[in-house]
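Student: Sequence first, predicted model second:
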Amino acid sequence: MNKTDKILIAGSAGMVGSAILRNLLKQGYNNIVGTYNRNVPEKLESVSYRRVDLLDHNACSFLFTEEKPDYVFYAAAKVGGIVANNTYRAQFLYENLQIQNNVIHTAYLTQVKKLLYLGSSCIYPKNAPQPIKEEHLLTSALEYTNEPYAIAKIAGLKMCENYNLQYGTKYISAMPTNLYGPNDNYDLQNSHVLPALLRKFHEAKVSNASHVDIWGTGSPLREFMHVDDLAAAVVFLMKTYVGNDFFNVGWGKDISIKELAFLVKEVVGFQGELIFDHSKPDGTARKLLDVTKLTALGFTPQITLREGITSTYSDFIKKYA
């Protein structure tokens with residue numbers, strides 16, 4: 001991947017896409033096209049922004065035909081937390097399938113040199129062995145609440161794999177763990193656990209609340225990765241890997257929700273109590289990715305959880321508070 005090659009980031013206004021964009025610009029890549037739909041991106045120099053509805057096959061085809069990208073990072077998706085996934089099941093399945101079908105097939109038709117597809121750790125079975133290896137894919141049933149999204153992401157991974165086998169393309173799939181960082185979603189109705197905690201503790205701090213309620217016992221273990229580490233990983237894969245494997249991307253270590261809550265409380269500076277509501281469900285007891293394959297290639301994440309939460313809280317204050 002040369003500095004002058006044209007790079008397309010599908011979904012450049014989202015948390016993941018904007019992180020990939022920052023990483024590429026930092027490394028001196030200056031021929032970048034970023035797509036967005038609903039979210040208006042923060043304008044950056046050396047980036048050409050295109051508002052495109054990737055659900056529309058004709059719009060997607062026009063984009064690729066006109067821009068002629070050499071490399072594509074696929075970071076476009078309809079995403080949300082447990083409530084959103086379980087409520088809009090048909091929409092999550094249809095839109096994610098449609099977008100990735102359009103992008104992956106059009107990349108093939110327009111002879112893109114390389115494409116990196118971003119999936120999700122929810123592709124793995126609900127009761128997969130821990131830590132979860134790539135080989136555990138499709139070995140048992142999925143978690144019901146986000147099954148439609150998971151099925152779409154599995155289809156995208158398999159689409160890349162089989163385009164490589166039939167057409168000789170060079171497509172790579174990466175499955176990240178739980179992500180957080182700048183441009184995250186802080187809506188308490190459909191956000192993920194870490195940004196939800198940041199917002200809860202911030203609002204409690206501002207209002208001088210006596211306590212913050214946390215769902216469940218706090219005992220489940222979860223893995224978290226700063227989105228800038230993910231961006232570094234996928235750019236690393238794009239530059240170095242050719243093959244038909246897919247890769248887990250994460251830290252390879254986890255933390256309990258209770259420990260996470262106390263860490264966020266400390267970073268935010270909330271002085272009140274934490275009350276764990278044992279009447280609410282805990283969810284899966286543990287979800288940790290095995291990152292041996294990625295580590296063997298030479299990639300190691302750099303941003304510690306405390307450092308990442310501190311910088312993310314600063315971004316939250318600047319943009320949303």
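Tutor: Yep, that arrived. Numbers count the residues shown, from 1 in each chain.
Student: Look up how far residue 242 lies from the closest residue to residue 122 other than its chain neighbours.
Tutor: Nearest in space to residue 122, with sequence neighbours left out and distances taken as Cβ to Cβ, 6 or more residues apart in numbering, is residue 150 at 4.5 Å. The C-beta positions use only the backbone N, C-alpha and C, and glycine is treated the same way. The span separating residue 150 from residue 242 equals 27 Å under the rule Cβ to Cβ, to the nearest Å.
Student: ok, the nearest residue to residue 192 once chain neighbours are set aside - contacts?
Tutor: Leaving aside its sequence neighbours, residue 192 sits nearest to residue 81 (Cβ to Cβ, 6+ apart; 5.4 Å). Residues near residue 81 by Cβ atoms under 8 Å, 6 or more residues apart in numbering: 189-192, 196.
Student: The same query, at a cut-off of 6 Å, please.
Tutor: 190-192 (Cβ atoms under 6 Å, 6 or more residues apart in numbering).
Student: of those residues, closest to residue 42?
Tutor: residue 191 (19.7 Å; Cβ to Cβ).
Student: Point me to the helix or strand that includes that closest one.
Tutor: For residue 191, there is no helix or strand it lies in under DSSP states H and E.
Student: ok, it touching residue 179?
Tutor: No: the criterion here is Cβ atoms under 6 Å, and residue 191 misses it with residue 179 at 11.8 Å.
Student: residues in contact with stretch 143-154?
Tutor: Counting by Cβ under 6 Å, 6+ apart, 82, 85-86, 89, 92-93, 96-97, 119-120, 122-123, 126, 142 sit against stretch 143-154.
Student: now with 7 Å?
Tutor: 82, 85-86, 89, 92-93, 96-97, 119-120, 122-123, 126, 142, 284 (Cβ atoms under 7 Å, 6 or more residues apart in numbering).
Student: Please give me every residue in contact with residue 286.
Tutor: Shown in contact with residue 286 (Cβ under 7 Å, 6+ apart): 130, 220-221, 254.
Student: Just among these, which is most surrounded?
Tutor: Neighbour counts for the contacts of residue 286 (other Cβ atoms under 10 Å) peak at residue 254, which has 21 neighbours.
Student: Find the least confident helix or strand in this structure, judged by mean pLDDT.
Tutor: In the chain, no helix or strand scores lower on mean pLDDT, DSSP states H and E than helix 82-87, which sits at a mean of 80.
Student: which residues of the stretch 101-250 of the chain fall in helices?
Tutor: 147-167, 193-206, 227-240 (DSSP state H, counting those that start in this stretch).
Student: Could you point out which of the ones you listed sits nearest residue 301?
Tutor: Across the helices of the stretch 101-250 of the chain, closest to residue 301 is helix 227-240 (Cβ to Cβ), at 3.9 Å.
Student: buried residues in that closest one?
Tutor: The neighbour-count check on helix 227-240 (16 or more other Cβ atoms under 10 Å) flags 227-238 as buried.
Student: contact partners of it?
Tutor: 1, 15-16, 19-20, 22-24, 71, 73, 114, 116, 118, 172, 174, 176, 179-181, 247, 249, 294, 297, 299, 301-303.
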